[in-house]
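Enquirer: 3D model of this:
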Amino acid sequence: QYSGLKTRIQEENPRAIYVWCSAHIFNLVVVDTCDCCLETKSFFGNISSLVEFMRARKRTAIFMKWQGELYSQEQKRRLKRFSSTRWSSHDRVLIVVQEKYFALLKTLNELTTLKDSDRDMVSTAESLLKIITSFQFVLVLHFIRKIFSITTVVSNYLQSKSIDFIQAMTLIDNAKTRLQDLRSEENCIQIVNDAKLFVHDKNLEEKDFKQTRPRKIKMMPGEKTRDEISSSPSDMFRRNVYYKVLDAIITSITVRFSDSREILKDLCLLSPERLMTMNENKLPQNAFDNLQKWIVHIDKIALRTEYLTFRKSLSELLNGHELKFNYSTPNDENSHISSDDSPSPSSDENEEKTEDNNEQLSCIKILELLSNYGLIDAFPNLYMAYKSLSTIPISSASAERSFSKVKLIKNRLRSSTGQSRLESLLILSTEKDIPIDINSVIDQVALSSDIFKKKLMFS
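Expert: Residues are numbered from 1 along each chain as shown. Modelled structure (predicted):
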């Protein structure tokens, strides 16, 4: 039984919806995967040690040199440090290790033979070289890369600035299905064979599982049982690592993404993309059932009627030149208001403009549209639904981006920066898509003192 902030808020207000930060939750799913067994813990610990060791400038230069000699036609890659918030960084590191594996071996070999190498560097290089040339490391590398090929795409989408609830849940469910399909003996054998082929191509000494002597239990007087035949190393890997990791990640996805799914499906119908493409035949019969339970004073039947009516009216409103002006993107330099005496566009052009405006719309802008054009009385239930939707965040990724910007802005030279200046610098750094009139900024700076005014304002 959880007793965190979510539980305390829902005790006071049972209708309060808990919306998971899908990107953060999916990262936790990957964390659960990496900590579920000893082999994966050891693997990521070794990868982390390798990255930290190779981050030195001299070692990186040697790594780049060998990449140039061995992979002259390919782009050079660096081993970047793991990020605690973006687990796609783990996938990027594993890609570099797998694709530049031979250059990595050459680098570690050279570091062990350098004359100016100290004892700690030689010892660490030899240890890492022994680890990454083992068959166990190569096998787990291929296995985790297979998992990340499924999860990284979803993780990157969930960290985007604008995501669709239904699309996000669909991607998560598809990833779960693919992981369930991956959990089979045939796929496990295929990954083991891929690892063996990789080891053979790189001409490594350890080309298969380590063979260990089976331990025999001494039979005591009076016992009639025989020793059980121990499992082969491949069977032990499939049982203790392969199935265990996949079961952990599938269970974690099922448990962590179970909250508020039904209400979010209703809210997704209010997105501009689905609103513009929806018609009476496509609208589900149970649409807005859960929305009616959440919003007390809303009428589900009236909301369905208002939804379809507004969908037809929205296309006409989007073709009005005043709305096109209000909802044009600020970065579009070619956008302009068409004059009244200009020729009327064709139906195809109207459809293209409607699609362009649809891309620029958001739920907040539809809410402003209902309010600014006096449509609240005509669509009261729809206005109430959009008003409630605007209170729900899709993700906290944007807020986390702002926190990560503080590290870049508040450095040692700005350690004593005041709160007001820090806020201004953060806005400039995070909101780069907002256009800034350079001339007006220069004029404001010039008016701050007589010296600036004389130097900057020539008129």
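
Enquirer: buried residues in whichever strand or helix holds Ser429?
Expert: Element membership for Ser429, per DSSP states H and E: helix 419-430. For helix 419-430, a neighbour-count test (16 or more other C-beta atoms under 10 Å) marks Leu425, Leu426, Thr430 as buried. Yep, even glycine has a C-beta here, placed from its N, CA and C like the rest.

Enquirer: so which of those residues comes closest to Phe257?
Expert: The closest of those to Phe257 turns out to be Thr430 (C-beta to C-beta; 28.0 Å).

Enquirer: Distance of the closest one relative to Val406?
Expert: Going from Thr430 to Val406 by C-beta to C-beta, to the nearest Å gives 10 Å.

Enquirer: Same question for Glu99.
Expert: Glu99 is 34 Å from Val406, by C-beta to C-beta.

Enquirer: name the helices or strands packed onto the helix holding Ser429?
Expert: helix 397-409 (3 or more C-beta pairs under 8 Å, 6 or more residues apart in numbering; DSSP states H and E).

Enquirer: in the stretch 301-450 of the chain, which ranges drop under the pLDDT threshold?
Expert: Along the stretch 301-450 of the chain, segments meeting pLDDT under 70 span 315, 317-361, 393-404, 412-413.

Enquirer: Show me the helices in the stretch 1-150 of the chain, by range?
Expert: 5-12, 22-34, 38-54, 57-70, 88-99, 101-113, 119-132, 135-158 (DSSP state H, counting those that start in this stretch).

Enquirer: how about TSV for these, with mean pLDDT added?
Expert: Output for these, formatted as TSV (pLDDT from 0 to 100):
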stretch	mean pLDDT
helix 5-12	78
helix 22-34	70
helix 38-54	91
helix 57-70	91
helix 88-99	86
helix 101-113	91
helix 119-132	92
helix 135-158	88
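
Enquirer: Turn those into JSON lines, columns for distance to Arg183 and mean neighbour count.
Expert: Listed next are the helices of the stretch 1-150 of the chain as JSON lines, based on distance: least, C-beta to C-beta, whole Å; neighbours: other C-beta atoms under 10 Å:
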{"stretch": "helix 5-12", "distance to Arg183": "31", "mean neighbour count": "11"}
{"stretch": "helix 22-34", "distance to Arg183": "13", "mean neighbour count": "20"}
{"stretch": "helix 38-54", "distance to Arg183": "16", "mean neighbour count": "17"}
{"stretch": "helix 57-70", "distance to Arg183": "36", "mean neighbour count": "15"}
{"stretch": "helix 88-99", "distance to Arg183": "20", "mean neighbour count": "18"}
{"stretch": "helix 101-113", "distance to Arg183": "27", "mean neighbour count": "18"}
{"stretch": "helix 119-132", "distance to Arg183": "27", "mean neighbour count": "15"}
{"stretch": "helix 135-158", "distance to Arg183": "11", "mean neighbour count": "20"}
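
Enquirer: just so I know, which of these lies nearest Leu314?
Expert: Here helix 135-158 is closest among the helices of the stretch 1-150 of the chain (C-beta to C-beta), at 26.8 Å.

Enquirer: ok, Ile438 to Phe452 distance?
Expert: From Ile438 over to Phe452 (counting by C-beta to C-beta), the distance is 15 Å.

Enquirer: if you count what's nearby, which of those two comes out ahead?
Expert: Using other C-beta atoms under 10 Å as the criterion, Ile438 and Phe452 rank with Phe452 on top: 14 against 8.

Enquirer: How is this structure divided into domains?
Expert: 20-211+232-256, 279-331+349-389, 397-456 (automatic domain parsing).

Enquirer: looking at those domains, which is closest to Asn13?
Expert: The closest of the domains of the chain to Asn13 is domain 279-331+349-389. By C-beta to C-beta, the value is 11.1 Å.

Enquirer: sorry, back to before: quick one: which of the helices of the stretch 1-150 of the chain is nearest Ile263?
Expert: Using C-beta to C-beta, those put helix 5-12 closest to Ile263, at 13.2 Å.

Enquirer: Distance to Arg304 added to the helices of the stretch 1-150 of the chain, as a markdown table?
Expert: A markdown table is the format used below for the helices of the stretch 1-150 of the chain (distance: least, C-beta to C-beta, whole Å):
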| stretch | distance to Arg304 |
| --- | --- |
| helix 5-12 | 28 |
| helix 22-34 | 28 |
| helix 38-54 | 49 |
| helix 57-70 | 60 |
| helix 88-99 | 40 |
| helix 101-113 | 58 |
| helix 119-132 | 60 |
| helix 135-158 | 30 |
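
Enquirer: I'd like to know which of these is closest to Cys268.
Expert: Of all these, helix 22-34 comes closest under C-beta to C-beta, at 13.2 Å.
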